[in-house]
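# Let me see the structure of the following:
(one chain, ligands or ions: 1)
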Amino acid sequence: MDGNGVLSSADTTAFILALTNLSQYETLYPAVDALVVGDVNQDGAFDSGDIHLFSQWISAAGASTSTVPEPGCLTFLVMAAMFALAARTRGLS
Ligand SMILES: [Ca+2]
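Have a look, this model is predicted:
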């Protein structure tokens, strides 16, 4: 998601940003199309349905490195993204 070709915790931050604030994501990562790269479950949409599979990829990729958030932190980040996305969908933010 951060466009460097390496799956790491930086991708989690970029993934959450893309879900919650796409315009800011596009400003920070102009070379990456979040709507394509973020559609990890390949259902044709980049949305909250991609969170679960993305978090599994991050966990699998970073299980042996210290740069990936611990599971509790990752769970918190995913939940924060889901709440932010739900709020945006309802027009609360
Ligand atoms: Ca998807």
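
# Helices of the chain, start to end?
Defined through DSSP state H, the helices belonging to the chain, from first to last, are 9-20, 22-28, 34-37, 51-62, 71-89.

# which parts of the third one are buried?
If you call a residue buried by 16 or more other C-beta atoms under 10 Å, then helix 34-37 has these buried ones: A34, V37. Yep, even glycine has a C-beta here, placed from its N, CA and C like the rest.

# Next, name the residue at the spatial heart of this protein.
F15 (2.1 Å; C-alpha atoms, centre = their mean).

# who's in contact with that residue?
Contact analysis of F15 by C-beta atoms under 8 Å, 6 or more residues apart in numbering lists M1, G38, I51, F54, A81.

# From Y25, how far off is it?
Taking C-beta to C-beta, to the nearest Å as the measure, F15 and Y25 are separated by 9 Å.

# for the helices of the chain, which one ends up most surrounded?
helix 9-20 (a mean of 21; mean count of other C-beta atoms under 10 Å).

# pLDDT averaged over that one - what is it?
Helix 9-20 shows a mean pLDDT of 93.

# next one: stretch 81-93
Taken as a whole, stretch 81-93 carries a mean pLDDT of 70.

# touching the ion at all, it?
No. Stretch 81-93 stays out of contact with the ion when judged by C-beta under 5 Å from the ion, the minimum separation being 12.6 Å.

# what's around F46, how many residues?
Burial of F46 is recorded as 20 neighbouring residues (other C-beta atoms under 10 Å).

# Please name the nearest non-neighbouring residue to it.
If the residues on either side of it in the chain are set aside, F46 comes closest to G38, at 3.9 Å by C-beta to C-beta, 6 or more residues apart in numbering.
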